[in-house]
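Trainee: Predicted structure and sequence below. I'll ask about it afterward.
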Amino acid sequence: MAPRRKTTAPKPATKPCPDCQGGQTSESFQVGGRRKRVSDDRQQALCLTCLGTGHAPD
C-alpha cells in the first residue's frame, strides 16, 4: 500500500503589485517616419516590476 500524503497549509495570499495591479500596464508609443511623435493611442505592455505576475515582488 502507498504511504499517505501529508497535507500542507495553504500559502498566504500575496499582495498585488503596486504599479500595475494585474500584470499589464498601458503605455504610449511613437509613430512616424523621420520625426517620431507620440500617438494618442495606448498599447498593453508587460509590467517590469512584477514581470507580468500581478503580485508584489518579495
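Mentor: It's in. Keep in mind that this is a model prediction, so the values were computed, not measured.

Trainee: Can you list the residue ranges for strands in the chain?
Mentor: Secondary structure of the chain (DSSP state E): strands at 24-27, 30-31, 37-38, 43-46.

Trainee: And the ones you listed: which comes nearest Pro18?
Mentor: For Pro18, the closest of the strands of the chain is strand 24-27, at 11.8 Å, according to CB to CB. From N, CA and C alone the C-beta is placed, and that goes for glycine too.

Trainee: Same list, the strands of the chain, but as JSON lines with distance to Lys15 and mean pLDDT please.
Mentor: Shown next, in JSON lines, are those (distance: least, CB to CB, whole Å; pLDDT from 0 to 100):
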{"stretch": "strand 24-27", "distance to Lys15": "17", "mean pLDDT": "89"}
{"stretch": "strand 30-31", "distance to Lys15": "34", "mean pLDDT": "91"}
{"stretch": "strand 37-38", "distance to Lys15": "33", "mean pLDDT": "92"}
{"stretch": "strand 43-46", "distance to Lys15": "19", "mean pLDDT": "90"}
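
Trainee: Mean neighbour count and distance to Thr7 added to those strands, as CSV?
Mentor: CSV is the format used below for the strands of the chain (neighbours: other CB atoms under 10 Å; distance: least, CB to CB, whole Å):
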stretch, mean neighbour count, distance to Thr7
strand 24-27, 12, 35
strand 30-31, 10, 53
strand 37-38, 9, 54
strand 43-46, 11, 35
